[in-house]
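*Asks:* Let's see this in three dimensions:
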Amino acid sequence: MSKPMDVEQEPKIDDALYSRQLYALSHETMKKITSTSVLVVGLQGLGIEIVKDLSLAGVKSVTLYDKELVEIKDLSSQFYFSPEQVGKVGRADACFQKVVDLNNYVRIDVHNGELSDEFLKKFNVVVLANQPLALQLKVNEFCHANKIHFISVETRGVFGQLFNDFGEQFTITDTNGENPNAYMISSISQDKEGIVTVVEEQKLQLLDGDLVTFKEVNGMSALNDLPPQKIKTISPLTFSIGDTTNLPPYTSGGYVTEVKQPKVVDFKPLKNILESGENIFITDDFKFTQPTNLLAGFQAIHKFAEKNKHMPRPHNKEDANAVIEIAKGLLKKPDDELDEKMITQLSFGAQGDIVPMQAILGGITAQEVLKACSGKFTPIHQLAFFDSVECLPEDLETLPEEEFQPIGSRYDGQIITFGKTLQNKIENLNYFLVGAGAIGCEMLKNFAMMGLGAGPKGLVHVTDMDTIEKSNLNRQFLFRSSDIQQLKSQTAANAVRVMNPDLNVKAYSLRVGPDTESHYNEEFFNSLDGVCNALDNVEARLYMDSQCVYYGKPLLESGTLGTKGNTQVVVPHLTESYSSSRDPPEKGIPVCTLHNFPNAIEHTIQWARDTFEGLFKNNADNVNSYLTNPAYVQSLKTQNPFVRLETLASIKASLMDRPLDFNQCIAWARLKFEEYFNNNIEQLLYNFPKDMVTTTGTPFWSGPKRAPTPLKFDVENPLHLEFIVAAANLRAFNYGIKAETNIEVIQKQAANVIVPDFTPKKVKIQTSENEPAPSSNTQQAGGDAEDDQCDTILSQLPQPSEMAGYKINSIQFEKDDDTNHHIDFITATSNLRATNYAISPADKHKTKGIAGKIIPALVTTTAVVAGFVCIELIKVIQNKALEKYKSTFMNLGIPFFGFVEPIAAPKNKIREGWTWTLWDRFDVDGDITLKEFLDLFEKKHGLDISMLSCKVTLLYALFTDKKTKEERLKMKISQLYETLSKKPLPKDKKYLLLEICCNDTETGDDVDVPSVRYKYN
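*Replies:* The predicted model follows:
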């Protein structure tokens, strides 16, 4: 059984589908991936997670092998099985069609024969998921001898292990996937140990022994021709490159770029690793004894299974003791001590099957497969163990065996692991999932398999205002191509109802924020047991965090960036909140660098993106506002005169020089070319000639400032023509003129455009951020000349009444449509400006990534992160102690896993014996007068209130005059708020949040206190 496909075809990479993945992997890596055939043996929850991730990642083919019939317990984590298939259909056949539907570019086969040597030779990578140890050893021995990459992985309850064998002399072409570091040179010394100093904007990210190359170095130009040089770091800005005494002195310019070196690694067969205990990859630095114990423990449960024909029985102490005895004999060193508690936990849950562990181990395994076939990123070398024992019930060993026995339910794998009581709690939870994108899809799948919200009192709310796009299909696995343009939330909800028909899920398309609090109101939040964020922006994350703090709800937070991921759990009255610690803001590009002194392709791309926005969106918006908004001209008077003049001039040009046909659009584009890439550069060089020196005697064009060269238009130059084609077509769209795609027609017309000669003017150009911009000088001087020019333009503009109904089509930037000329324009514009400044150009793919601010994304990372989130969710349900929770920081590429205890909520002291955290507040029930409110705090809390406010409204202050104070003291707080804020009380709310400033009546000291939740309704 297979999906037909022409296997002889050259692999074609669909950029639109794999867009976000390509930014994490590169086209070269994707070509290797799309040529890889993978066999996956074992199609329970772990196997299907691997298959799902590989199919979405776009390997050439995946062959499914599992002839065992579907069991009811498989439904604990196998999201493509249904109850109707139990006991009737083989596992591989049962999920085949749903795997086929994941990705049309991937061939899917089912093999129902034997795992013969000839059959195994067909594959580049063989993966065994939850298979007997004897089969792992047998298949690995063959694969190692035949240079087939081999991975075996298994999960047993909350424990997991993964083994890699990629053969001898495996080459890693890129160890970390990061772009090579590049730095601008400030100076190079002539010395026995020549020291290179880079400009201060960038700190070195290089290590001793790294290799670098040089380019564009002036003076010491011989460095430009040398092969990669080994360096020795000296300081954050300097490194040495060896003897430079025989080279001419350095004068100016130059870049130094890191050269990535391939790394060769040897892998040993599984048998050798189990015997020697070497090549163990540490996944958690704080679990020192874990590798030793689980190396023995996993072998022990397999030996037990071989002898007894079954894995240790759930929570059976007799079986656990037998496993312990076997494990003791497997310890590698005489002084090794067996952690009997850990081995007991492993034995108790050896038949357990929970979707969070399948997601974690499955996602990691899929990433290892991609490493095996591409050489991109560093593989796990070689045997890794994982556990999440912190989420097991605290009284696990004392609970009765009966609590963990299967009941013939789809949740039996989870019941074996956590017990029936916890399973019942999970099913009756009410959770709010905010976002149905990549992480949201994975979370919904996990919720469905766990049964979260599937009980009589349970419910999952999911919201996402976005619709499905083609680029989503690569990692948002609940969507298909037929779902494009449908709402994500509703489509995802429908998909998981198929996975688990018992799941109670409500879908919304309303964003979360202050404007939707009438929908997501107090009643809504009070009904929740917790919130799970699956968001892609900080603003929404901060808002949800504030709501969770206000309503006292747990928050599960996560994010991904390529192979990197992180999770955070926020627990009421225990941890700090998401907003307690923030990343520093992203560093922007200085305006003068952007406008006049770019030195990197990122600068020219941002300038091109801004130019696109100004020409095709802002100009149109300004014209449309002028024509339709009677108050628009008046509103311009609030701007500084320079900006106002610029805006009015653009409106005049847009209205009075509007094109009538496509030829006029071509002429406009040709003149824009001249303005941007010749005239403006001529003007810059007029102000700052190439041989100019500063007052200190150093060349003006040095350091980060690169001297530009004007471009002369050449109609035969493809880059010049690309600009004309894109700019003319976008101009035509603005004015509703039919587009022209015939390149020869455009080329001929552009060559005939008469371009006026340019004469430089005397103008001031800003050379640094510390220097005031010309516009601010104008503003300080009063801007009388600009005001007069504005009045002149306004007198020349047609009156809006004369052009009733006319509008210019404003263009909203859309990065994912390759036919709309948006990225074409930005790429051509950026590369022309890069040519001006002798900066290496960027292809369309790279330009799109930077201009569109595309976040690299991989389905593997997303799956792993969602798994870790669900592990924390299980802890939250059990009200675990702070030290049991873990925030995760990981990078699947390096690979690295870091697990740290969340930061406790900081305590603020009011007085001895009285502290509070961000989770605390004063609650005042019932609408009372201001005097009663002040008396309440003085008598009950010993606090003398000096100021009371609600949002921006000051309700009371000690310095208020006596008459006003007496009037207000008699008023109820609700009345006082309505009177002073001039707003009615919200009808859909019951509370006001009040802030107070006060003194401790005992000491007279000012004290910080929590907010007051005041119930008025």
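*Asks:* Hmm, residue 580 is touching residue 918, no?
*Replies:* Yes: with contact defined as C-beta atoms under 8 Å, residue 580 reaches residue 918; the gap is 7.1 Å. C-beta coordinates here come from the backbone N, C-alpha and C atoms, glycine included.
*Asks:* These two: who's more crowded?
*Replies:* More crowded of residue 580 and residue 918, by other C-beta atoms under 10 Å: residue 918, with 19 against 14.
*Asks:* name the element that one belongs to?
*Replies:* Under the criterion of DSSP states H and E, residue 918 resides outside all helices and strands.
*Asks:* Between residue 580 and residue 918, which contacts overlap?
*Replies:* 905-906 (C-beta atoms under 8 Å, 6 or more residues apart in numbering).
*Asks:* wait, isn't residue 423 in contact with residue 416?
*Replies:* No: between residue 423 and residue 416 there is no contact, the gap being 10.0 Å when judged by C-beta under 8 Å.
*Asks:* ok, the two, which is more surrounded?
*Replies:* residue 416 (25 against 22).
*Asks:* can you give me how far whatever helix or strand the more buried one lives in is from the chain middle?
*Replies:* Assessed by DSSP H and E, residue 416 sits inside helix 412-418. Offset of helix 412-418 from its chain centre (C-alpha atoms, centre = their mean, to the nearest Å): 32 Å.
*Asks:* Using CSV, list the CA coordinates for that helix.
*Replies:* What follows is helix 412-418, C-alpha atoms only, in CSV (Å, rounded to 0.1, in the frame of the first residue of the first chain):
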residue,chain,number,x,y,z
ASP,A,412,-5.5,3.5,30.1
GLY,A,413,-2.0,4.5,29.3
GLN,A,414,-2.4,7.6,31.4
ILE,A,415,-4.3,5.8,34.2
ILE,A,416,-1.3,3.3,34.5
THR,A,417,1.0,6.2,34.9
PHE,A,418,-0.9,8.6,37.1
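*Asks:* and the residue nearest to residue 101 when sequence neighbours are not counted, what pLDDT?
*Replies:* Ranked by C-beta to C-beta, 6 or more residues apart in numbering and with sequence neighbours excluded, the top spatial neighbour of residue 101 is residue 480, at 6.2 Å. Model confidence at residue 480, given as pLDDT, is 94.
*Asks:* Relative to residue 491, how far out is residue 480?
*Replies:* Distance, residue 480 to residue 491, by C-beta to C-beta, to the nearest Å: 9 Å.
*Asks:* ok, now residue 484?
*Replies:* Taken as C-beta to C-beta, the span from residue 484 to residue 491 is 10 Å.
*Asks:* Now residue 575. Its backbone dihedrals?
*Replies:* phi -110, psi 170 (degrees, to the nearest 10).
*Asks:* How about it: which residues does it bridge to?
*Replies:* Judged by DSSP bridges, the bridge partners of residue 575 are residue 904.
*Asks:* what about it, how many residues close to it?
*Replies:* Using other C-beta under 10 Å, residue 575 has 24 neighbouring residues.
*Asks:* And for residue 718?
*Replies:* Neighbours of residue 718 (other C-beta under 10 Å): 9.
*Asks:* same thing with residue 884?
*Replies:* Neighbour number of residue 884 under other C-beta under 10 Å is 16.
*Asks:* Before we move on, what's the pLDDT of it?
*Replies:* 97.
*Asks:* Residue 11 too?
*Replies:* If you check residue 11, the pLDDT there is 67.
*Asks:* ok, residue 550 to residue 484 distance?
*Replies:* 37 Å.
*Asks:* again, but for residue 23
*Replies:* 21 Å.
*Asks:* Which SSE is immediately downstream of the strand or helix carrying residue 423?
*Replies:* Using DSSP H and E, residue 423 sits within helix 420-427. Of the helices and strands lying after helix 420-427 in sequence (DSSP H and E), the nearest is strand 430-434.
*Asks:* tell me the average confidence for that next one?
*Replies:* 98.
*Asks:* Okay, buried residues for the helix or strand just after that strand please.
*Replies:* Downstream of strand 430-434, the next assigned helix or strand under DSSP H and E is helix 438-450. Within helix 438-450, the residues that count as buried by 16 or more other C-beta atoms under 10 Å are 438-450.
*Asks:* same deal with stretch 17-27?
*Replies:* In stretch 17-27, counting by 16+ other C-beta under 10 Å, buried: 17-26.
*Asks:* how's this protein carved up into domains?
*Replies:* 15-171+267-290+351-413, 182-259, 429-581+855-905, 599-838, 909-1015 (the TED database).
*Asks:* Any chance of those in a markdown table with distance to residue 308 as columns?
*Replies:* Below are the domains of the chain laid out as a markdown table (distance: least, C-beta to C-beta, whole Å):
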| stretch | distance to residue 308 |
| --- | --- |
| domain 15-171+267-290+351-413 | 12 |
| domain 182-259 | 52 |
| domain 429-581+855-905 | 28 |
| domain 599-838 | 56 |
| domain 909-1015 | 50 |
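*Asks:* Quick check: which ranges of the stretch 351-500 of the chain have low pLDDT?
*Replies:* Across the stretch 351-500 of the chain, nothing is flagged by pLDDT under 70.
*Asks:* quick one: least confident helix or strand in this protein?
*Replies:* Using mean pLDDT, DSSP states H and E, helix 774-780 stands out as the lowest-scoring helix or strand of the chain, at a mean of 46.
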